[in-house]
Each structure stands twice: as structure tokens, then as C-alpha cells.
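**Q** Turn this into a structure:
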Amino acid sequence: MVLRALFAPITGLAWIAEQIQERADSELDDQENLNKRLLVLQLAFDMGDIAEDEFEQQEEELLLAIQALADEAHLAAGVQ
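**A** Numbering: from 1, shown residues only. Just a heads-up that it's a prediction; the model follows:
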């Protein structure tokens with residue numbers, strides 16, 4: 001029981017570190033997926049598979065999502 005109490009702060013810090021790592025990995029995955037979708041969209045437009053207006057609409061949505069992730073990451077970094 002005494003050992004558990006002594007190691008509780010270390011265990012807690014390890015858990016917090018794991019949560020931070022999982023969040024960072026998730027954000028990187030989201031960013032990477034959005035960038036891939038943007039590239040696929042650009043290729044589809046270049047090959048003539050989608051119209052310009054559809055391309056512009058989807059591009060804007062993806063760019064806004066990328067910016068939102070960047071803003072969220074910036075705010076999270078400022079809070080910590």
C-alpha cells in the first residue's frame with residue numbers, strides 16, 4: 001500500500017504523457033489525411049475528373065479544416 005502511494009505521482013505523470021502522445025499522433029494523422037485528400041482532389045481536377053466549381057468548393061472545405069487543426073494545435077500549445 002505504501003509503495004502504491006509512493007508511485008502514484010509517477011504513474012499519473014506516465015498516464016498524462018500517454019494521453020498527450022495519443023492526442024499529438026491523432027492530430028498528425030488528421031493533418032496528414034487532410035493533406036492527402038487535398039492532393040487527390042488536385043489530381044482529380046488536373047485530370048479533368050471534376051469541374052472547377054466543385055474543385056474550388058472542396059478545396060476550400062479542406063483548407064478550412066487544415067487551418068482549424070492548425071489553430072487548435074496552436075491554442076493547445078499556448079494553453080500548456
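
**Q** Give me the mean pLDDT for the single longest helix found in the chain.
**A** Longest helix in the chain, counting residues (DSSP state H): helix 2-46. Regarding helix 2-46, the rounded mean pLDDT is 78.

**Q** packing partners for it?
**A** helix 52-79 (3 or more Cβ pairs under 8 Å, 6 or more residues apart in numbering; DSSP states H and E). Yep, even glycine has a C-beta here, placed from its N, CA and C like the rest.

**Q** what angle separates the longest helix of the chain from helix 52-79?
**A** If you take axes from the mean of the first three to the mean of the last three Cα atoms, to 10 degrees, helix 2-46 sits at 160 degrees to helix 52-79.

**Q** what's the offset of helix 2-46 from the middle of its chain?
**A** The chain centroid and the centroid of helix 2-46 are separated by 8 Å under Cα atoms, centre = their mean, to the nearest Å.

**Q** ditto for stretch 69-80
**A** The answer for stretch 69-80 is 11 Å, by Cα atoms, centre = their mean.
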